[in-house]
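Undergrad: return atomic coordinates for the entry below.
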Amino acid sequence: MYYTNFSRRKVFLFSSLITVLFGALAVTTFSLAVLPQKYVSTQWLKHQLAMATDAFEYRLKSPDQGGVVLAAASLLGLNGSVSVASDSSPAQDIPVLLYHGIVDNPDRFSLAPEEFWDQMSALKKAGYRTITLQEFEDFVSGKSAPKGKVFLLTFDDGRTDSYYQADPVLQALGFHAVMFIATQSSFVRPNDFDSYYLNQESIQAMVDSGRWDIGSHTVQETGGYVPIDAAGTQGNFLSNKKWLTDAGRLETDAEYAARVQYELTYSKSELERRLGITITAMSYPFSDFGNQSINNQASAEAVIRAAVKDTYDYAFRQTTEKTPDFISNYPAGDPLQLRRIEVDTSWSGDQLVSYLQTVRSKSLPYADSFSEDTGWLDNWGEVVFQPGSIRLEAQPDTTGAFTFLDGSQPWQNYFYSTTVDWDEGGYVSLIARYQNSGNYISCTFGAGRVHIDQNINGAVAVLTDQYNSIDLPRKGVRLSMYVDDNLVKCYEGSTAVATGYTISTLDHGGVGVRVWDPDQHAAAGSITSVTVIPAEQATDFKNSLPNY
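TA: This next block holds a predicted model:
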């Protein structure tokens, strides 16, 4: 008789493999028994297996995985070829991603399961990790900053497909997410396990898993729309007064405000009562906080903001194509206007990682010759990125154009220099310490004068207005700006042509360029280079500039 002498290590590895296999069998059996039928199709199960296999590769390189996973992976011959980048520095900004549905037939608002996996696994490979809603709130309130490359993953609407398709991905990659629930759809309308919207049982399972936080997406009592006139025209429910058919009139201001308050307050109380949790955050349905172009209530934005402020600590909206704001989130921002990136359903994982690179905070020194788009945002007029330059032109209905650099919000003291082809119009302005469209400092050049303005909450104050005798070239002109604590200087070439002093609230912020003229459609120019140097390192660079 022959005996085989197994080492303790081999016994452990073998028992670990058996444990993992039986665990997988148990999960599959549970899935077949309780999940909606569409989530246990051959295609769905194949997708889950592919994700699990890929996930082993990440986990082999992750320091927080236990011995069972490592042992099983070794026996399965997985070599961990995917290395995960790491970063232990405190985050300066946090992007928030928004998804709606995950479906087999993608559309404008929903992407395929394999595309969602591709995006999430690409983020994992690039060194990103998710954070909880509480960690995000601590960051934006200035209490603490998570370390490394982090993002907040969010979903709107409480859709069944997004939960059952996303949750295995969260499990595989060790990710966390937030689901914003419309309580009328999940708690009131007929809702079984196979429905479009999650029911209370499923939402409770999300909470119990520890992988999901819950927020409010309002009640949406009428499904997100209300009639706004006698003809039955539909408008967004938050920013419009509702047409009362029986009374033959629109809501009064008081009735409108009461309905908005109910939508916000009742959804929060129902989520808390039914789930036994505290709700601190909401997301604006349709990203509508009273800002939509079609509404019949002029004071909608003020009414909605007051109601949100009474009910929640934090509120999320989507970023827009022409934005006055930085796309990522920074400490001390407006807690009721937190920004989310609605992820394009056609993006690959690599495209998403690349996009986040453009919106994240940037370090100094910074230099840009526009060989690629590093995140210059379109704020006003026509702004067109093209290899080698950014073109700014006033449109027929605007007096100018303006662009600013995303990710430059944390910058404080710096020397900011540009090369500009000044084609048309009376003025070029360099913008520094840009925080948003109402808070920044500007150096404006043109018409024989230079002046420095400060904008505080939309109120403009002229710090200095000086005569300028320099005859500037229109092509390739070097214009610069220096900010150091309260000191502001404007430069033409190497010559300081204006000096002013700003107030302390404008102690940080990014850079931008504006062309403008009093007449509409009369200003145009191109930026061909930008250099930003820390203030304490700027002397040698200033001396290298031309002498006009």
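
Undergrad: what does stretch 491-498 contact?
TA: Contact with stretch 491-498 is made by 417, 443, 445, 450-452, 464, 466, 468, 470, 472, 477-482, 489-490, 542-548, as judged by Cβ atoms under 8 Å, 6 or more residues apart in numbering. In short, each C-beta sits where N, CA and C put it, glycine included.

Undergrad: and residue 302, what is it in contact with?
TA: With contacts defined as Cβ under 8 Å, 6+ apart, residue 302 is in contact with residue 290.

Undergrad: name the residues of the one helix or strand it maps to that are buried.
TA: If you go by DSSP states H and E, residue 302 is part of helix 300-311. Neighbour counts over helix 300-311 (16 or more other Cβ atoms under 10 Å) mark 300-301, 303-305, 307-308, 311 as buried.

Undergrad: got it, and stretch 237-246?
TA: 237-243.

Undergrad: pull the most distant pair out of those.
TA: Maximum pairwise distance among those (Cβ to Cβ): 15.2 Å, between 238 and 243.

Undergrad: quick revisit: closest to residue 503 out of the buried residues of helix 300-311?
TA: Closest to residue 503, out of all of those and judged by Cβ to Cβ, is residue 305, at 25.9 Å.

Undergrad: please name every helix or strand in contact with the helix or strand that residue 154 is a member of.
TA: Using DSSP H and E, the element containing residue 154 is strand 149-156. On a contact count with 3 or more Cβ pairs under 8 Å, 6 or more residues apart in numbering; DSSP states H and E, strand 149-156 meets strand 96-99, strand 128-130, helix 133-140, helix 160-173, strand 177-181.

Undergrad: rerun at 6 Å
TA: strand 96-99, strand 128-130, strand 177-181 (3 or more Cβ pairs under 6 Å, 6 or more residues apart in numbering; DSSP states H and E).

Undergrad: now mean neighbour count, distance to residue 88 and mean pLDDT too, for those strands, in a markdown table please.
TA: Formatted as a markdown table, the helices and strands packed on strand 149-156 follow (neighbours: other Cβ atoms under 10 Å; distance: least, Cβ to Cβ, whole Å; pLDDT from 0 to 100):
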| stretch | mean neighbour count | distance to residue 88 | mean pLDDT |
| --- | --- | --- | --- |
| strand 96-99 | 22 | 22 | 98 |
| strand 128-130 | 22 | 12 | 97 |
| strand 177-181 | 25 | 24 | 98 |
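
Undergrad: now residue 186: how far from residue 366?
TA: Distance, residue 186 to residue 366, by Cβ to Cβ, to the nearest Å: 46 Å.

Undergrad: what ranges does this structure have for its helices?
TA: Shown for the chain, the helices assigned by DSSP state H span residues 8-34, 42-61, 67-75, 113-125, 133-140, 160-173, 183, 200-209, 253-275, 300-311, 349-359, 539-543.

Undergrad: any idea which helix or strand in this protein has the lowest mean pLDDT?
TA: Lowest on mean pLDDT, DSSP states H and E among the helices and strands of the chain sits helix 67-75, with a mean of 34.

Undergrad: excluding its own residues, what touches stretch 104-115? List them.
TA: With contacts defined as Cβ atoms under 6 Å, 6 or more residues apart in numbering, stretch 104-115 is touched by 47, 100-103, 165, 345.

Undergrad: show me where pLDDT drops low in this protein?
TA: Counting by pLDDT under 70, the chain contains low-confidence ranges at 1-87, 190-194, 293.

Undergrad: for the nearest residue to residue 118 once chain neighbours are set aside, give me its contacts.
TA: In this structure, residue 118 finds its nearest non-sequential neighbour in residue 349, 4.2 Å apart by Cβ to Cβ, 6 or more residues apart in numbering. Residue 349 is in contact with 118-119, 122, counting by Cβ under 6 Å, 6+ apart.

Undergrad: want to throw the residues you listed into TSV with distance to residue 200 and neighbour count?
TA: Output for the contacts of residue 349, formatted as TSV (distance: Cβ to Cβ, whole Å; neighbours: other Cβ atoms under 10 Å):
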residue	distance to residue 200	neighbour count
118	32	19
119	29	24
122	34	18
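
Undergrad: closest to residue 208 among these?
TA: The closest of the contacts of residue 349, once distances to residue 208 are taken by Cβ to Cβ, is residue 119, at 26.2 Å.

Undergrad: contacting residues around the closest one?
TA: Contact partners of residue 119, counting by Cβ under 6 Å, 6+ apart, are 349, 352.

Undergrad: for residue 212, see how far away it is.
TA: Computed with Cβ to Cβ, the distance linking residue 119 and residue 212 is 18 Å.

Undergrad: and if you look at residue 152?
TA: For residue 152, the distance to residue 212 equals 12 Å [Cβ to Cβ].

Undergrad: quick check on those two: which one has the bigger neighbour count.
TA: Comparing residue 152 with residue 212 by other Cβ atoms under 10 Å, the one with more neighbours is residue 152, at 25 against 22.

Undergrad: what pairs with the more buried one across the strands?
TA: Beta bridges link residue 152 to residue 96, judged by DSSP bridges.

Undergrad: residue 95 is in contact with that one, correct?
TA: No: in this structure, residue 152 is not within contact of residue 95 by Cβ atoms under 6 Å, at 7.6 Å.

Undergrad: give me the distance between residue 531 and residue 465.
TA: Using Cβ to Cβ, residue 531 is found at 27 Å from residue 465.

Undergrad: so the two - more neighbours on which side?
TA: Taking neighbours as other Cβ under 10 Å, residue 531 and residue 465 compare with residue 531 leading, 20 against 13.

Undergrad: what about residue 496, neighbour count?
TA: Other residues lying near residue 496 total 14 when counted by other Cβ under 10 Å.

Undergrad: next: residue 114.
TA: 14.

Undergrad: what of residue 138?
TA: Using other Cβ under 10 Å, residue 138 has 16 neighbouring residues.

Undergrad: buried sites along the strand holding residue 154?
TA: Buried residues in strand 149-156 (16+ other Cβ under 10 Å): 149-156.

Undergrad: rebuild those residues as a markdown table, extending it with distance to residue 354.
TA: Compiled in a markdown table, the buried residues of strand 149-156 are given as follows (distance: Cβ to Cβ, whole Å):
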| residue | distance to residue 354 |
| --- | --- |
| 149 | 14 |
| 150 | 18 |
| 151 | 14 |
| 152 | 19 |
| 153 | 18 |
| 154 | 21 |
| 155 | 23 |
| 156 | 24 |
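
Undergrad: just name the closest of the residues you listed to residue 374, please.
TA: Nearest member of the buried residues of strand 149-156 to residue 374, counting by Cβ to Cβ, is residue 149, at 17.3 Å.

Undergrad: any idea how far the closest one is from residue 314?
TA: Taken as Cβ to Cβ, the span from residue 149 to residue 314 is 22 Å.

Undergrad: kindly report the same for residue 304.
TA: The value you get for residue 304 to residue 314, if Cβ to Cβ is used, is 15 Å.
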